[in-house]
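A.B. asks: structure for this input, please:
(3 chains)
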Amino acid sequence: MNIVVCIKQVPASTHVKMDPVKHTLIRDKAGATINPCDLHALESALQIRENYGGKVTAITMGPFQAADVLKKAVGMTVDDGILVCGREFAGADTLATSYTLSSAIKKVCPADLIICGKIAVDGDTAQVGPGISKWLGMSLVCNVIKIEKIEDKKIFVKRAVEGGNELVSVSLPAVITVDKSINIPRIESIKGRFRELEFEPKVVNAEDIDCDLTKIGLNGSPTSVAKVFVPERQKAEHELIEGKNAGEKAQKIADFLFESKLII
Amino acid sequence: MSIRVIEEKCVGCGLCSRECPQSAITVSNKKASIDKYKCVFCKLCVSTCRFNAIEVFSQRQENTEAISEHKGIAVYAESLSGKFNPVVFELLSKANELAKTTGEKVKAIVLGSGFDEKDLSLLKKYADTIYLVDNPFLKYYRDDVYSAIMAYILKTYKPSVVLSGSTIRGRSFMPRVAIELETGLTADCISLEINEKGNLVQTRPAFGGDLMASILCEHTRPQMATVRQGVFPVDDSINKNGVIEKVDVPSELFKSEMEVLEFHPCFCSDVNIADYDIVVAGGRGLKNEKGFALLKQLAELLGGCVAGSRPACDGGFIPHSAQIGQTGMTIKPKLYFAVGISGAVQHISGVEEAELIIAVNTDPNAPIFDIADYAIIADAFEFLPALIEKIKDKKFAKK
Amino acid sequence: MEYFLSDKEKIVAETAREFAEKYIRPVRAEYDETGEFPWEILKKMGQADLCGIYIPEEYGGLGLGVFGLTLAVEEMSKVCGGITLAMAATALGTFPLLLYGNKEQKEKYLPKIASGNMICAFGLTEANAGSDAGSIATRADKDGDYYILNGTKTWITNGGVADLYTVIAVTDKSKGARGTTAFLVEKGTEGFSFGRKESKMGIRASSTTELVFENCRVHKSQILSREGMGFIVAMNTLCNSRPGVAAQALGIAAGALDEALKFSLERKQFGSPISSFQAIQHMLADMAMEVEAARAILYQTARTIDSKKQKNFSKESAMAKAFCSDVAMRTTINAVQIFGGSGYMKDYPAEKMMRDAKITQIYEGTNQICRNEIALQLIKDAKGKK
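C.D. replies: Model prediction:
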């Protein structure tokens, strides 16, 4: 069983503030990290490997520094790491990104099961996982909260849906996107960290993965950013509740809640 | 699309470099240069440059013919057991508003099974045409079938805009539809408008919600977006009399690799926090389970429900289904009681329309106070027990 | 202080630290309260390769010796000396096999222990024997290819939860301590059962029970070394395992110092943090001095053992154990003092650390016994020089 996990490097802090006087952006220089949901995707893959055997490959698209998230995956004991890297991929939206990753998976690490985190904290689109399933013609299950079993070339999972959860099965090959509630990711193991010391990812570019150049990067991205702006917010005139101690303040709020009939 | 620095105009002042949220611009030899790998084309530098030295230009050929053949604003009318999701009427209301600008028709797309005239009649008020696929096979939601049929309908009827709620379902199958049509899809929009060129301007939070980004899909059709629940009001004054058009879908599309074996109602979401008039929410300031236990007591006394900010939910104190803010729910309760929540922008965007906001925080400069009606500067562990006691006293005294 | 750790040693310490913060800190108070055995955590420790640090690479371990074990136990004990003990006591139970097992025995058990899938325990202490190994009453009578074990071991760490026990029993009563033999006994062997789980002052997440042998037949292939070597096996095991106890003690002490320091910066009295008061400052300084001294003696002892350049290190091992555990006791008492009223409350971690520290002065040879051994060796060395 070949399991591929799609992971992404994201800023460690997604906060950007606007300096109110100078109107310049203040960035949080916290560096980069692996997208939190993707840790749960890696954990799911490793658990499947423990129960059913197979090989786990982590794949990411991004600049050379993105190899750091592959190292993290190696630390967690995935078998292989692939970096899809090249200037031609730059500026990709979710359509182009999912095309690129699916081309790379098809060419470099064919998969029986592809696992993605449900959503990335920087883009917040949750569109790449489902997109990959379509490009590769695979089944899709999103928001998986539990993997029940793999049997007869089918995977049985629980997924969150509107108003509850469902037990579903889909035929393999399939793409699943996992919710954070699915598991608690392991930390990088000691042997994994030893391997990280000398780990080099397999780096592939557009040529290596035989992709249609019109479908990648900016050219392959139908959406574009027209502008970015700071949301305007009305600053409310709030009333400060004063009091000598917490008890006095609490009394005032309690009185208010009764007076305004919020407590009946 | 591409971006370049017009060297003749650039003076190397470095303003753009400081502004760039991606750190993509460096200045050397008094000229700025843009790392195209890092650039996300947010165009902040374009507006910052005082010398108009940065330009973004399009490399794409416009296929005006293909674009002009797409007409109408379509809304996916999501339903569960024949009942439409409230977001459907929000989207249809917005679609009607947009349609006024463009002079187009509003269409609702219904996939499911067992609809009766009564279920559909409400929809007729909001749409000119209702494309209906009523088939027992659609009783359960399957990504492959739903996306194939949706793509078929969009290819057949060619609307120029397609909207879906940013629901679990919308966010999982719409991406597949967009890929089949090879067009753009913007996730989780909170504002939509039509610009002077007739394109849909889709605005969504970016950089973790601290900034807003307006996205265009100029060269392909349809322009697709998933839209956050609760951001557009329902317009009761719309009174159309839509026509139902049963769509004949090729039978091979009703084939799925998925089997739905069991359904368990209401698992992780014991409650839908959007249904409550009073919501009591906790954040990082509540520190531990004891803090959240206090919060629960307060919620019970107020007859409200408990919710949390992202850190509270990530910390496992509150289920993610009760998370408020950009990656969670947007709510409009009568009273929002925020305890130990600093009020990051992405949180505030989920509650700013609450009728009344009471906030408790130790930090007098916490941004939550910017939107609060009543501010209490206090430690939650001192304030909550005191408040609980006072309310109990009063309730007890009344009886 | 710079201890010149190698890259690999740094990784071991980092991993242990991250592990403890992520999986142990959030639940340590709960396990202390319920006294449950931390099965889930132990499974994850195995996953993180924290269970086989001292086991040679050929058997699936990391081959980082006593020093590697020391680093991991210290880091994890900073957060909880109780939960960490499940792994540390397995090391105690594994040393007899590492030191005296034959190839078959090692191949059979070590890989499972290294992966965290096998828990071990060491059974020496009895109601009337412990430090006095000559009074062991558990008997192993020969019967063909088998030995029949009868007797009861008391206060066995990992009792009931361990899968493999090294048990010291008398095979020849006439020879006293030299008539004892070490057996590997698997859980589930007929005639081998457990007494009740003890309720303890500290290290409450760890399981302590009696081992009860009633006509328990053990095959001769389960003997470590050979008949009559039980006492030697036990003594050398303790020489190798005492740094583990010292590491646990050091960890508890360092953890208590961290907590006390943090608290002293936050807690305000008379308008300023208590860390600004000299009385508190001197306490913190004493604690820091002792913790650093304890670390120095322990690291050097562990490295001495691993270097294999010194045949007998019973004195050094006993010194490290007694010194570190005495430091742990003093440091945790002072931590509780710095916490003041809060220190006495279970809502804060200081009192638990104090309770956990006490056992390190007691088990694997009380500190009095350790001092006997140190003195014995000193006198022996002095006489040898004459």
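
A.B. asks: centroid-nearest residue for the chain?
C.D. replies: Here I'm looking at chain A. With distances taken as CA atoms, centre = their mean, A:A120 lies nearest the centre of chain A, 3.5 Å away.

A.B. asks: wait, chain B
C.D. replies: Geometric centre of chain B, nearest residue: B:R228, 2.4 Å, by CA atoms, centre = their mean.

A.B. asks: for the single nearest residue of the stretch 51-200 of chain C relative to chain B, which non-adjacent residue is spatially closest?
C.D. replies: Nearest residue of the stretch 51-200 of chain C to chain B: C:V79, at 16.0 Å (CB to the nearest CB). Any C-beta I mention is one placed from the backbone N, CA and C, and that applies to glycine too. Spatially, and ignoring its direct neighbours in sequence, C:V79 is nearest to C:A20 (3.9 Å; CB to CB, 6 or more residues apart in numbering or on different chains).

A.B. asks: hmm, the residue of the stretch 51-200 of chain C closest to chain B is touching C:E21, no?
C.D. replies: Yes - in terms of CB atoms under 8 Å, C:V79 counts as a neighbour of C:E21; the distance is 6.8 Å.

A.B. asks: the bottom helix or strand of chain C by mean pLDDT?
C.D. replies: strand C:268-269 (a mean of 88; mean pLDDT, DSSP states H and E).

A.B. asks: er, chain A actually
C.D. replies: Per mean pLDDT, DSSP H and E, strand A:25-27 ranks last in chain A, at a mean of 59.

A.B. asks: quick one on the thing from earlier: so who does the residue nearest to the centre of chain B touch?
C.D. replies: For B:R228, the contacting residues are B:S166, B:D188, B:C189, B:I190, B:T330, by CB atoms under 8 Å, 6 or more residues apart in numbering or on different chains.

A.B. asks: how about those residues in JSON lines, adding neighbour count and pLDDT?
C.D. replies: Output for the contacts of B:R228, formatted as JSON lines (neighbours: other CB atoms under 10 Å in any protein chain shown; pLDDT from 0 to 100):
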{"residue": "B:S166", "neighbour count": "24", "pLDDT": "90"}
{"residue": "B:D188", "neighbour count": "23", "pLDDT": "90"}
{"residue": "B:C189", "neighbour count": "23", "pLDDT": "93"}
{"residue": "B:I190", "neighbour count": "20", "pLDDT": "89"}
{"residue": "B:T330", "neighbour count": "19", "pLDDT": "82"}
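
A.B. asks: those: which two are farthest apart?
C.D. replies: Using CB to CB, the pair of the contacts of B:R228 lying farthest apart is B:C189 and B:T330, separated by 12.2 Å.

A.B. asks: now the residue nearest to the centre of chain B: closest residue in space that isn't a chain neighbour?
C.D. replies: Computed as CB to CB, 6+ apart, the closest residue to B:R228 that is not its neighbour in sequence is B:S166, at 4.8 Å.

A.B. asks: how close does the residue lying closest to B:R4 once chain neighbours are set aside get to chain A?
C.D. replies: Once flanking residues are discounted, B:R4 sits nearest to B:E55: 6.2 Å by CB to CB, 6+ apart. Going from B:E55 to chain A by CB to the nearest CB, to the nearest Å gives 14 Å.

A.B. asks: just give the number of residues close to B:E55.
C.D. replies: Using other CB atoms under 10 Å in any protein chain shown, B:E55 has 14 neighbouring residues.

A.B. asks: element containing C:Y109?
C.D. replies: Following DSSP states H and E, one finds C:Y109 within helix C:103-114.

A.B. asks: neighbours of B:E196, how many?
C.D. replies: Applying other CB under 10 Å, we find 5 other residues in the vicinity of B:E196.

A.B. asks: helix/strand/coil for it?
C.D. replies: The three-state label given to B:E196 by DSSP: H, G, I helix; E, B strand; the rest coil is coil.

A.B. asks: can you give me the pLDDT of the residue of the stretch 251-386 of chain C found nearest chain B?
C.D. replies: Chain B sits closest to C:D347 of the stretch 251-386 of chain C, with a gap of 8.4 Å, by CB to the nearest CB. Listed pLDDT for C:D347 reads 83.

A.B. asks: any idea how far C:Y146 is from C:I223?
C.D. replies: C:Y146 sits 11 Å away from C:I223, going by CB to CB, to the nearest Å.

A.B. asks: give me every residue in chain A lying close to chain C.
C.D. replies: A:R186, A:I187, A:E188, A:S189, A:I190, A:K191, A:G192, A:R193, A:F194, A:L197 (CB under 8 Å from any CB of the partner chain).
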